[in-house]
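K.L.:
requesting a structural model of the entry that follows:
(2 chains)
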Amino acid sequence: QKEVEQDPGPLSVPEGAIVSLNCTYSNSAFQYFMWYRQYSRKGPELLMYTYSSGNKEDGRFTAQVDKSSKYISLFIRDSQPSDSATYLCAIADIHGSSNTGKLIFGQGTTLQVKP
Amino acid sequence: EPEVTQTPSHQVTQMGQEVILRCVPISNHLYFYWYRQILGQKVEFLVSFYNNEISEKSEIFDDQFSVERPDGSNFTLKIRSTKLEDSAMYFCASSTQGAGNTIYFGEGSWLTVV
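P.N.:
Have a look, this model is predicted:
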């Protein structure tokens, strides 16, 4: 089983729609969850960061973590054409007291918001 | 806003040649990373570096790869003898407090091995 799974899409929605992006993960010990946005041939840009379970909201973006189901979500309200990008879920796999470790990324979901 | 900078943005190299990819992490950061992304595939971890040593490396990071922080500001990835399958976008990243906190990525260095 892959550590992080994400439907690659593509996902196409009309402007103004609510977008739901999702990932599942395998290791129940994971505690730190992120969503990155990546434009074509660019570096990932952090959108949302969540620790443990619950919701976090930032403007039109809401990140949700359900640790019981090992499921993380990103919701985009009132989607705009400028939101068209690839969205990557990432989970921090941390080792020891020095906080070393790595991010494990999902495949990324390509989103297109049509005007 | 501080950012991670990478050079070159694109490099074409012959198979078997050595390549050095350079990165300037954000100045007060302590944790440094290299990731790569083969076209159309997921972003993959290569190596993390903390306290002047490698803290973790992936299976991809074999003896052909090495990292260095030679002068306290630069962080380099060297590929000793490039293969065709090393063609990818290589991202440098840095963080103040490690993997459980915000990790900032550079714009990437696109490596093409011919």
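
K.L.:
pretty sure A:Arg37 contacts A:Ala85?
P.N.:
Yes - with contact defined as CB atoms under 8 Å, A:Arg37 reaches A:Ala85; the gap is 4.9 Å. Placement of C-beta: from N, CA and C, glycine included.

K.L.:
could you pull out the buried residues of stretch A:95-115?
P.N.:
Of the residues in stretch A:95-115, those with enough neighbours to count as buried (16 or more other CB atoms under 10 Å in any protein chain shown) are A:99-111, A:113.

K.L.:
in strands only, show me the residues you listed.
P.N.:
Of the buried residues of stretch A:95-115, the ones assigned to strands by DSSP state E are A:Thr100, A:Gly101, A:Lys102, A:Leu103, A:Ile104, A:Phe105, A:Thr109, A:Thr110, A:Leu111, A:Val113.

K.L.:
what residues does chain B have near chain A?
P.N.:
Contact residues of chain B with respect to chain A, defined by CB under 8 Å from any CB of the partner chain, are listed as B:4, B:31, B:33, B:35, B:41-45, B:48, B:50-51, B:55-56, B:58, B:89, B:91, B:97-108, B:110.

K.L.:
switch to 7 Å and redo it
P.N.:
In this structure, chain B approaches chain A at residues B:42-43, B:45, B:48, B:50, B:55-56, B:91, B:97-100, B:102-103, B:105-108, judged by CB under 7 Å from any CB of the partner chain.

K.L.:
most centrally placed residue in chain B?
P.N.:
The centre of chain B sits closest to B:Trp34, judged by CA atoms, centre = their mean, with a distance of 3.1 Å.

K.L.:
so what does the one helix or strand it maps to touch, helix or strand wise?
P.N.:
Using DSSP states H and E, B:Trp34 falls within strand B:31-37. With contacts defined as 3 or more CB pairs under 7 Å, 6 or more residues apart in numbering or on different chains; DSSP states H and E, the packing partners of strand B:31-37 are strand B:43-50, strand B:88-95.
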